[in-house]
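Chemist: here is my input; please provide its structure:
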Amino acid sequence: MTTILLVDDDGPLRQRLATAFAERGFEVRSAANHSEAIDLARYMKFDRAVVDLRMPGPNGLVVVQELRALQPALEVVVVTGYGSIATAVEAMRLGARDYLTKPANADQILAAFETEADAPTEDLDYEVPSLAKVEREHIERVLQECNGNISKAARVLGMHRRTLQYKLAKFPVKR
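Modeler: Below is the predicted model of the structure:
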């Protein structure tokens, strides 16, 4: 039976997720904070952990780091109501498998564990354009729709006219 450690300071949410995981056949242990989670991890082996990012005391990133130090094979998904790119990157660097924003239900969390993080990407049947090429084509299309009027195109694109002129100077545009 797969064991899950659920670490979240929100009692009702923690209980609701614990019940949902148990109904799906998982053995669940829950902790309200860093110290409870680490104490449980010292005495019990877990297959998976769901860790909230913000909680009193040491935050979820510290919990992830210490859990992975105690149990290197542990798969961790971080959930948070306060998502940011910086914390997502840090969570992944510390070994989290995925990073989800709340509200995340039990099925979404379990799906995050099931995705193959190291699966090779399939070869695409077409060449993916670079971001610069996509931007250039978009600017060309908007400029064409504005009949070559740079000021109007800049307003439509939501940028300053000078910024658009700078971008246009980088590449010739067909008018």
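Chemist: can you pull out the strands in the chain?
Modeler: For the chain, the strands defined by DSSP state E cover 3-7, 27-31, 48-52, 75-80, 96-101.
Chemist: could you provide those strands in TSV, with additional columns for distance to residue 135 and mean neighbour count?
Modeler: C-beta here means a position set from N, CA and C on the backbone, and glycine is covered the same way. Below are the strands of the chain laid out as TSV (distance: least, C-beta to C-beta, whole Å; neighbours: other C-beta atoms under 10 Å):
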stretch	distance to residue 135	mean neighbour count
strand 3-7	42	24
strand 27-31	46	18
strand 48-52	37	25
strand 75-80	31	24
strand 96-101	27	20
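Chemist: make CSV from those and add distance to residue 62 to it.
Modeler: Below are the strands of the chain laid out as CSV (distance: least, C-beta to C-beta, whole Å):
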stretch, distance to residue 62
strand 3-7, 11
strand 27-31, 13
strand 48-52, 10
strand 75-80, 12
strand 96-101, 12
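Chemist: nearest to residue 68, out of those strands?
Modeler: strand 75-80 (6.8 Å; C-beta to C-beta).
Chemist: list of residues touching that closest one?
Modeler: 8, 47-54, 60-61, 64, 67-68, 87-88, 91, 95-102, 104, 109, 112-113 (C-beta atoms under 8 Å, 6 or more residues apart in numbering).
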